[in-house]
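Asker: Quick one, structure for this:
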Amino acid sequence: MTREEFSQLRTKFEALLAEPLEQRTALLADLAQSDPVLAEELRHMLAAYALRTGWLDRPAADAMLGTLAAMAGQPE
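Answerer: Numbering: from 1, shown residues only. So this is what the prediction gives:
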């Protein structure tokens, strides 16, 4: 993958994340018409992103709030 291809992939991935789920599906379907390989790669990336569960996958602020809530004995 070239630097330009990676940049395009990242830009489209970030744009898709900003969209509601229904809109993502429609945008991926449209993209699959013109670039099925890119659309499939984006589907894989979105699926992996949806499965993230570890503390390293959470933003630092969320992790800190969870830690502070646990220390205070409160739910997150």
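Asker: element containing the residue nearest to Leu17 when sequence neighbours are not counted, please.
Answerer: In space, and not counting its chain neighbours, Leu17 is closest to Tyr49: 7.1 Å by C-beta to C-beta, 6 or more residues apart in numbering. Where you see a C-beta, it was placed from the backbone N, CA and C, and this is true even at glycine. Using DSSP states H and E, the element containing Tyr49 is helix 36-51.
Asker: which helices and strands does that helix pack with?
Answerer: helix 3-17, helix 21-34 (3 or more C-beta pairs under 8 Å, 6 or more residues apart in numbering; DSSP states H and E).
Asker: who touches it?
Answerer: Outside helix 36-51, the residues within contact range by C-beta atoms under 8 Å, 6 or more residues apart in numbering are Gln8, Leu9, Lys12, Phe13, Leu16, Leu17, Arg24, Leu28, Ala29, Leu31, Ala32.
Asker: Could you tell me the model confidence score at the fourth one?
Answerer: What it means is Phe13. Phe13 carries a pLDDT score of 93 in this model.
Asker: Please tell me how far the residue nearest to Leu17 sits from Lys12.
Answerer: Note on Tyr49: its distance to Lys12, by C-beta to C-beta, to the nearest Å, is 13 Å.
Asker: Who has more neighbours out of these two?
Answerer: Lys12 (19 against 12; other C-beta atoms under 10 Å).
Asker: residue contacts, the more buried one?
Answerer: Taking C-beta under 8 Å, 6+ apart, we find Lys12 in contact with Leu31, Leu38, Leu42.
Asker: Mind giving me the ChimeraX command for buried ones among the contacts of helix 36-51?
Answerer: Listed next is the ChimeraX selection for buried residues among the contacts of helix 36-51, using 16 or more other C-beta atoms under 10 Å:
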select :12,16,24,28,31
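Asker: Mind exporting the C-alpha coordinates of stretch 17-30 to PDB?
Answerer: Only the C-alpha atoms of stretch 17-30 are listed here, as PDB (Å, rounded to 0.1, in the frame of the first residue of the first chain):
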ATOM      1  CA  LEU A  17     -16.700   6.700  12.000                       C
ATOM      2  CA  ALA A  18     -18.300  10.200  12.200                       C
ATOM      3  CA  GLU A  19     -21.400   8.900  10.400                       C
ATOM      4  CA  PRO A  20     -24.400   7.100  12.000                       C
ATOM      5  CA  LEU A  21     -24.400   3.300  11.400                       C
ATOM      6  CA  GLU A  22     -27.100   3.400   8.700                       C
ATOM      7  CA  GLN A  23     -25.300   6.100   6.800                       C
ATOM      8  CA  ARG A  24     -22.000   4.100   7.000                       C
ATOM      9  CA  THR A  25     -23.700   1.100   5.400                       C
ATOM     10  CA  ALA A  26     -25.100   3.300   2.500                       C
ATOM     11  CA  LEU A  27     -21.700   5.000   2.000                       C
ATOM     12  CA  LEU A  28     -19.900   1.700   1.900                       C
ATOM     13  CA  ALA A  29     -22.400   0.300  -0.600                       C
ATOM     14  CA  ASP A  30     -21.800   3.300  -2.900                       C
END
